[in-house]
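Asks: Structural data only, the sequence is not supplied:
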């Protein structure tokens with residue numbers, strides 16, 4: 001039997017505003033570029049917020065490629081303030097970027113669609129170095145709005161690897177982490193500093209009253225927060241090649257609240273691809289699921 005659900009009045013208001021924002025999002029139009037210097041301070045704040053293993057010696061002085069995943073934020077400021085949920089995210093590293101370099105992000109909205117009461121858009125964006133060479137490419141799909149069917153649960157279906165294998169993969173635990181409210185606030189603050197914004201401390205990730213007014217039970221962690229933590233462990237497994245040509249493609253199927261303990265699991269590393277997932281360590285429910293990949297290098 002479906003659970004009775006009463007939509008808060010504030011959630012209705014927010015969703016109405018987000019419907020107008022979504023309708024005005026330009027399709028297949030290049031967005032104004034975002035440029036900034038990736039300082040040591042910005043990298044340190046990011047790594048402190050996401051946690052996980054430190055970089056291997058060979059990668060010392062390089063920017064973690066997953067740091068750039070969150071730069072959809074300043075790119076989409078052209079639309080106005082958006083409120084919603086991540087559905088999918090994919091990134092691929094193409095070459096290392098040295099800390100202290102200037103990076104430029106450019107992006108294009110490649111798709112807009114409606115499904116199960118949500119309004120989505122897909123943004124593809126590329127970070128390039130000072131010579132105009134691509135460093136990292138990203139593709140993210142975001143649901144704009146807060147209203148949803150509370151009884152709908154996305155299917156945590158594992159993707160196939162390139163060879164079509166691992167239909168029923170066997171996952172092994174890699175690490176656990178507890179996402180608390182201070183780390184959620186630290187992750188939000190480091191992004192604001194990187195883009196030159198004032199950290200207001202608001203929003204559904206850090207403000208419980210706002211989260212509840214939008215129909216959530218509590219604050220929820222940003223999906224790219226634990227994606228960053230996951231990527232740190234993948235980088236530890238693959239070494240410096242992660243900065244050169246690593247990648248991650250995940251689907252988000254559940255939310256994370258303060259004090260949830262997450263468990264990262266992965267299939268056995270065959271040198272090129274791994275299926276990965278993050279689960280709630282207490283309930284074993286899947287939070288996100290996908291695949292980590294390593295592009296072939298020169299001569300392979």
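Replies: Sure thing, it's come through. Quantities reported herein were computed from a predicted structural model and do not represent experimental measurements.
Asks: what sits against residue 46?
Replies: Neighbouring residues of residue 46 by C-beta atoms under 8 Å, 6 or more residues apart in numbering: 64, 67, 190, 194, 228. Every C-beta, even on glycine, is put in place using the N, C-alpha and C of the backbone.
Asks: Can you pull out the low-pLDDT segments for the stretch 201-300 of the chain?
Replies: Scanning the stretch 201-300 of the chain for pLDDT under 70 picks out 201-202, 213-215, 269-270, 297-300.
Asks: So which residues of it form strands?
Replies: Remark: strands assigned in the stretch 201-300 of the chain by DSSP state E, counting those that start in this stretch are 246-252, 260-266, 273-280, 286-294.
Asks: elements contacting whichever strand or helix holds residue 108?
Replies: Using DSSP states H and E, residue 108 sits in strand 102-115. Where contact means 3 or more C-beta pairs under 8 Å, 6 or more residues apart in numbering; DSSP states H and E, strand 102-115 is packed against strand 34-37, helix 72-75, strand 118-128, strand 134-144.
Asks: Would you mark the buried spots in stretch 263-272?
Replies: By 16 or more other C-beta atoms under 10 Å, the buried positions in stretch 263-272 come out as 263-267.
Asks: ends of stretch 194-206, how far apart?
Replies: 18 Å (C-alpha to C-alpha, to the nearest Å).
Asks: which parts of it are buried?
Replies: Residues of stretch 194-206 classed as buried by neighbour count (16+ other C-beta under 10 Å): 194-195, 203-206.
Asks: can I get those residues in CSV with distance to residue 133?
Replies: Shown next, in CSV, are the buried residues of stretch 194-206 (distance: C-beta to C-beta, whole Å):
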residue, distance to residue 133
194, 21
195, 22
203, 34
204, 36
205, 33
206, 36
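Asks: Next, check those residues against the helices and list the overlap.
Replies: Members of those lying in helices (criterion: DSSP state H): 194-195.
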